[in-house]
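*Asks:* starting from these lines, generate the structure:
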Amino acid sequence: MKSETLEQLDKSGADAIKTAQEYGTQIVEFVKEQAPELIEEIILFKRVEYSLYMCIGIVLGIISYKLTRMAPPILKKYAPYDELHEFCTAFAIIVSIIFTSIAGCITMSINLTTLCQVWFAPRLYLLEYFSDLVSR
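*Replies:* Residues are numbered from 1 along each chain as shown. Take a look at the predicted model:
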């Protein structure tokens, strides 16, 4: 009786190991089939993402430049009214210029290195990307 139970237990353990090995093999094959497409999609997505960030930074820089060019005519237009109005207008323009300049510079500087890495060294980017995923 005990030997029959041990044999059944041994057989079911062997079946469980065999099933796990088959699942493992299927998973490896699935990953081998899907990995190239997945890597291409990750690279493409990151290229588009960081290109959009760069475009946002450039647009903020252009807005800052336009605000800088618009400031003198606006100040001349409101100068005849009173000093407080002129001060508030100048302050608002200066704050807008500073904000857009800083936001544009930060956006571009943060994303420029990653954008270059995604375009010119995609394998290095993928290594860093996957190591970041694993470390989380």
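*Asks:* low-confidence stretches in the chain?
*Replies:* 1-3, 6, 9-10, 30-31, 74-76, 78-82, 84-85 (pLDDT under 70).
*Asks:* look through it and tell me its longest helix.
*Replies:* helix 2-78 (DSSP state H).
*Asks:* next SSE after that helix?
*Replies:* helix 83-120 (DSSP states H and E).
*Asks:* which strands and helices sit next to that following helix?
*Replies:* helix 2-78, helix 122-135 (3 or more Cβ pairs under 8 Å, 6 or more residues apart in numbering; DSSP states H and E). The way it works is simple: take the backbone N, C-alpha and C, and place the C-beta from them, glycine included.
*Asks:* distance from the chain centre to that helix, please.
*Replies:* 20 Å (Cα atoms, centre = their mean, to the nearest Å).
*Asks:* just the buried residues of that helix, please?
*Replies:* Across helix 83-120, burial judged by 16 or more other Cβ atoms under 10 Å covers 86, 89, 93, 96-97, 100-101, 103-104, 107-108, 111, 114-115, 117-118.
*Asks:* quick one: which of those residues is nearest residue 50?
*Replies:* residue 115 (3.9 Å; Cβ to Cβ).
*Asks:* residues touching the closest one, list them.
*Replies:* By Cβ atoms under 8 Å, 6 or more residues apart in numbering, the contact set of residue 115 is 47, 50-51, 53-54.
*Asks:* find the nearest non-adjacent residue to residue 106, please.
*Replies:* residue 57 (7.9 Å; Cβ to Cβ, 6 or more residues apart in numbering).
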